[in-house]
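1. output the structure for:
(2 chains)
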Amino acid sequence: MKKSKFYVTTPIYYVNDKPHIGHAYTTILADVLTRYHESIGDEVFFLTGLDEHGQKVKQAAEKRNLSCQEHCNDLAPRFINLWEKLEIKYSDFIRTTQERHIKLVQSVLQKVYEKGDIYMDEYEGWYSVAEERFITATEKESGQFRDVKMLKERNWFFKMSKYQRNLIDHINNNPQFIRPESRKNEILGFLRQPLGDLCISRPKERMDWGIEIPFDREYVTYVWFDALLNYVTGVGFEADNDKFNKWWPADIHLIGKDILTTHSVYWSTMLFSLGLPLPKTIFAHGWWLIGETKMSKSLGNVVNPLDMAEQYGVDALRYYLMREMVLGQDSSFTLESFIKRYNSDLANDFGNLLNRVSGLIGKYFDSVVPAVKGKTAAEEDIEKSFNELMPKIRTLILEFKINEAIEETMQLIRKVNKYLESQAPWKVAKENLERAGTILYTATEALRLAAILLLPVMPSKCGRVMEVLSADKTELLWGGLKSGTKLQTHEALFPRIEEEKK
RNA sequence: CGCGGGGUGGAGCAGUCUGGUAGCUCGUCAGGCUCAUAACCUGAAGGUCGCACGUUCAAAUCGUGUCCCCGCAACCA
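-> Got it, this is the predicted structure:
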C-alpha cells in the first residue's frame, strides 16, 4: 500500500510574545497529529516557526539598543526551548528573517505584481499616532486609542477582490476546507459582502523592519505576504521542486480562531493568484480561557506552559490540553480541573492499572508475563473491545477529534480495571495459577495496546510503559505482548497530586 | 430584521443530520473488594433536554415564535 503524506502547520508565532498556553496547545496538537500519522505509517512534515518582522519588534529592539535581528535572535529560544521541553517533533522551524524566506517572498511579490494583481493606491484611514498604526473603524469607536487622526498614505494593494468568486466556490465545493463547520459558515457569511483589496505594504520611512518590495525600494511588505508565505517556503517552494510537489498542498493548517479570516480569505486568494492549490483543511480551534475570562497580558492571568510542565510533567500537560479542549470550542483552563483530570484519568485509572498488573505478575509469576490457556467470554470481550476501538480511533483522529479518541482509549482502560475486579486474579491464583495467568496476560496486553494508542499524546510516559513491559516497537495488534517476557521494575507512572495547598 | 454558533441532572460534554428506553466523565451518598498510587468495582439520588406553540401514534431530536449567552462584521495575528 502506498504511503500517504501528511503536511501539518502551526501559525508562525510573533517573536515578541511570550509563549503561553495557547501557543503550546496549537503546537502540541500538531505534534500529536504528527506522531499519530507516523504511527500509521504516513510520511509527515510538521512546520512551525516565528514571525519576526513588524512594528513591535522594531520598537522593542530599539528600546534594548539592539538591532532588530539581534533582538529576534535573542527571543527565538523562548519558543525553541519550550518546544524541546514539550517534546515537539517538528520537521522544520522557519523564521521569516531567514534568507530562504526573504528570497521567496520577493519572488512571489514580483510574480504577482507582473501578473497585475498588485497596484498602488492611496490608503486613507484612521491612524493612531500613539500606536503608530492604522486602526479600524470598530477600534476607533472603542475609544481605546489616543491621538487618532485621518491619514492618507500611498501603498501597494493586492487584488483580493478578484478572487472572491473562486474562493466562495472553493469553500462550497470542499466541505473540509474550513473547519469546524460553524467557522466555514462564518466565512461564507463574511464573503457575502463584496471583498475589498488588501493593503500589503508600509512605507519604509514609517516602518522599515520588513521585507523590501522588489519593485519599489521605498516600501517593505506588510505582514500578509511576509507571514503567510511561510507555509510554502517551509516545504521548498521555488527552491526545491521535488520537495514542494511532494508536500504541498498542506493537509492541515492549524490556527486559532482569531486568525481565521487571514488564513481562509487572504491566504487563499494569494494562492489563487499564484495558481497554487489551496490547503486541504484550515482548522480553527478555540481559545483557552483562564477560568471564565480571556487570557490577557494586562490581566496578568497568562498561564505559562513551561511552569506547568516543570511542576506536573510534560505528558500530564499534553494530556490535559488534548483531553480537555472540545473540538473548535473555547475551553476553561483551571488548576483545579487539571488536577482532577490528572488524578482520575492518569493516576487512578492508567498509572494504577500498571501497578496492579505488574504487582500481581510480580507476586504470582516472578515478574514473567504468563501464558494464555483457555480464553473465556471475559477475555474475548476485552479483546473485542480493543478490536472495535482501533477503527474508531483512526476515524476520530482523522476527524481531528483528539479529545474523543483519548476518551475512547480511557474507556478501554476503565474496562480493564473492571475486568480485573470481576476476575479477581489475586483470588484465582491461589487455586488455579494457570487461569490467573490468562487473566493477567489479558489485562497487561490491553494495557500495552492502550499505551500505544496514547503514545502520540504522552510520548515519554507511554514509552515508559513499553519499557516496563519490554514491549518497545511491538505492534498495535492483539497478542503482541510476549509471554515469558520479564517485566522491569518501575516507579509510579503518575503519582497522585495531593491537594494540600490553597 | 447584518451573518453564524450555542442553551441537556451540581460541573464539563455527547446525543439533534437518519424522531421512538436521555448517555459519558467528574462530584455527592450507600455498599463491595483488598492486587494497586486512601487507588479499583457495584448500586443509588439528581434532568418537565432555555421558554411557548405546532407537526406526529411518538420530539432533546422536525417547524414557527420568543428569551438569554457567545463568535464574526476585514486590513487587527
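
2. check contacts around the residue of the stretch 301-450 of chain A at minimum distance from RNA strand B.
-> The minimum distance from the stretch 301-450 of chain A to RNA strand B, using CB to the nearest atom of the strand, falls at A:Gly351 (1.8 Å). Glycine gets a C-beta too; all of them are placed from N, C-alpha and C. With contact set as CB atoms under 8 Å, 6 or more residues apart in numbering, A:Gly351 has these partners: A:Ala492, A:Leu493, A:Phe494, A:Pro495.

3. and those as a markdown table, adding pLDDT?
-> Formatted as a markdown table, the contacts of A:Gly351 follow (pLDDT from 0 to 100):
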| residue | pLDDT |
| --- | --- |
| A:Ala492 | 95 |
| A:Leu493 | 96 |
| A:Phe494 | 96 |
| A:Pro495 | 95 |
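
4. out of those, who's near RNA strand B?
-> For RNA strand B, the contacts drawn from those by CB under 7 Å from any atom of the strand are A:Ala492, A:Leu493, A:Phe494, A:Pro495.

5. may I ask which of these has the most neighbours?
-> Most neighbours among the ones next to RNA strand B among the contacts of A:Gly351, by other CB atoms under 10 Å: A:Phe494, with 23 neighbours.

6. what's near enough to touch that one?
-> Counting by CB under 8 Å, 6+ apart, A:Phe494 touches A:Gly313, A:Ala316, A:Tyr342, A:Leu346, A:Ala347, A:Phe350, A:Gly351, A:Lys461.

7. could you rerun that using 10 Å?
-> By CB atoms under 10 Å, 6 or more residues apart in numbering, the contact list for A:Phe494 reads A:312-313, A:315-316, A:319, A:342-343, A:345-352, A:354, A:458, A:461.

8. same check, this time on A:Val15
-> Residues near A:Val15 by CB under 10 Å, 6+ apart: A:49-54, A:56-57, A:60, A:68, A:71-76, A:78-79, A:95-97.

9. can you pull out the strands in the stretch 51-200 of chain A?
-> Ranges of strands within the stretch 51-200 of chain A are A:92-95, A:118-128, A:133-135, A:148-158, A:178-179, A:198-199, based on DSSP state E, counting those that start in this stretch.

10. out of those, which one sits most buried?
-> strand A:178-179 (a mean of 22; mean count of other CB atoms under 10 Å).

11. quick one: that strand near RNA strand B?
-> No: against RNA strand B, strand A:178-179 shows no contacts by CB under 7 Å from any atom of the strand, the least distance being 11.1 Å.

12. what is that strand packed up against?
-> On a contact count with 3 or more CB pairs under 10 Å, 6 or more residues apart in numbering; DSSP states H and E, strand A:178-179 meets helix A:181-190, strand A:282-285.

13. quick one: name the residues of the stretch 401-502 of chain A near RNA strand B.
-> A:407, A:411, A:414, A:417-418, A:420-422, A:424, A:426-427, A:492-496.

14. what two of the residues you listed are the furthest from one another?
-> Farthest-apart pair in these is A:Glu407 and A:Lys427; separation 31.3 Å (CB to CB).

15. when those two are compared, which one has more neighbours?
-> Remark: of A:Glu407 and A:Lys427, A:Glu407 carries more neighbours, 13 against 10, as counted by other CB under 10 Å.

16. pretty sure the more buried one contacts A:Lys401?
-> Yes: the pair A:Glu407 / A:Lys401 is scored as a contact, 9.4 Å apart, by CB atoms under 10 Å.

17. burial count for the residue in the stretch 151-300 of chain A positioned nearest to RNA strand B?
-> Nearest residue of the stretch 151-300 of chain A to RNA strand B: A:Gly189, at 2.3 Å (CB to the nearest atom of the strand). Residues contacting A:Gly189 under the criterion other CB under 10 Å number 9.

18. show me what contacts it?
-> Neighbours of A:Gly189 in contact, by CB under 10 Å, 6+ apart: none.

19. what's the helix or strand for A:Glu212?
-> Under the criterion of DSSP states H and E, A:Glu212 resides in strand A:211-213.

20. quick one on the thing from earlier: closest one to A:Phe333 among the strands of the stretch 51-200 of chain A?
-> strand A:178-179 (22.7 Å).

21. tell me how far that closest one is from the chain's mean position?
-> 15 Å (CA atoms, centre = their mean, to the nearest Å).

22. quick check, A:Ala378 in a helix?
-> Yes: per DSSP: H, G, I helix; E, B strand; the rest coil, A:Ala378 lies within a helix segment.

23. quick one, what contacts it?
-> A:Tyr419, A:Ser422, A:Gln423, A:Thr438, A:Ile439, A:Thr442.

24. how close does it get to A:Lys427?
-> Distance of A:Ala378 to A:Lys427, given as CB to CB, to the nearest Å: 14 Å.

25. for the residue nearest to A:Ile213 when sequence neighbours are not counted, list each beta-bridge partner.
-> Computed as CB to CB, 6 or more residues apart in numbering, the closest residue to A:Ile213 that is not its neighbour in sequence is A:Tyr219, at 4.5 Å. Applying DSSP bridges to A:Tyr219 gives these bridge partners: A:Pro203.

26. in helices, which of the contacts of A:Gly351 appear?
-> Among the contacts of A:Gly351, none falls in helices (DSSP state H).

27. which one of these is nearest A:Gly359?
-> For the contacts of A:Gly351, the nearest to A:Gly359 is A:Ala492 (11.4 Å; CB to CB).

28. hang on, that closest one packs against A:Leu353?
-> No: A:Ala492 lies out of contact with A:Leu353 (CB under 10 Å); the separation is 11.8 Å.

29. which secondary structure elements does whichever strand or helix holds A:Arg217 contact?
-> Using DSSP H and E, the element containing A:Arg217 is strand A:216-221. In terms of contacts (3+ CB pairs under 10 Å, 6+ apart), strand A:216-221 is packed against helix A:99-114, strand A:118-128, strand A:148-158, strand A:201-203, strand A:211-213.

30. for that strand, list the C-alpha coordinates in CSV.
-> In CSV, the C-alpha atoms belonging to strand A:216-221 read as follows (Å, rounded to 0.1, in the frame of the first residue of the first chain):
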residue,chain,number,x,y,z
ASP,A,216,9.6,49.5,-5.1
ARG,A,217,12.5,50.0,-2.7
GLU,A,218,10.7,52.7,-0.7
TYR,A,219,8.4,50.1,0.8
VAL,A,220,8.5,46.9,2.8
THR,A,221,5.8,44.3,2.6
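
31. related to what we said a few turns ago, show me the contacts of A:Val15 that map onto helices.
-> Members of those lying in helices (criterion: DSSP H): A:Lys56, A:Val57, A:Ala60, A:Cys68, A:His71, A:Cys72, A:Asn73, A:Asp74, A:Leu75, A:Ala76, A:Arg78, A:Phe79.

32. may I see the residues you listed organised as TSV, with pLDDT, distance to A:Met270 and neighbour count added?
-> Formatted as TSV, the ones in helices among the contacts of A:Val15 follow (pLDDT from 0 to 100; distance: CB to CB, whole Å; neighbours: other CB atoms under 10 Å):
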residue	pLDDT	distance to A:Met270	neighbour count
A:Lys56	84	23	16
A:Val57	88	23	22
A:Ala60	87	28	16
A:Cys68	92	25	21
A:His71	93	28	23
A:Cys72	93	24	23
A:Asn73	94	28	15
A:Asp74	92	31	13
A:Leu75	92	27	20
A:Ala76	93	26	17
A:Arg78	91	29	18
A:Phe79	93	25	23
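
33. check the residues you listed against RNA strand B, which are close?
-> A:Lys56.

34. between the ones in helices among the contacts of A:Val15, which is closest to RNA strand B?
-> A:Lys56 (7.0 Å).

35. from A:Glu62, how far off is the closest one?
-> Counting by CB to CB - A:Lys56 and A:Glu62 are separated by 11 Å.
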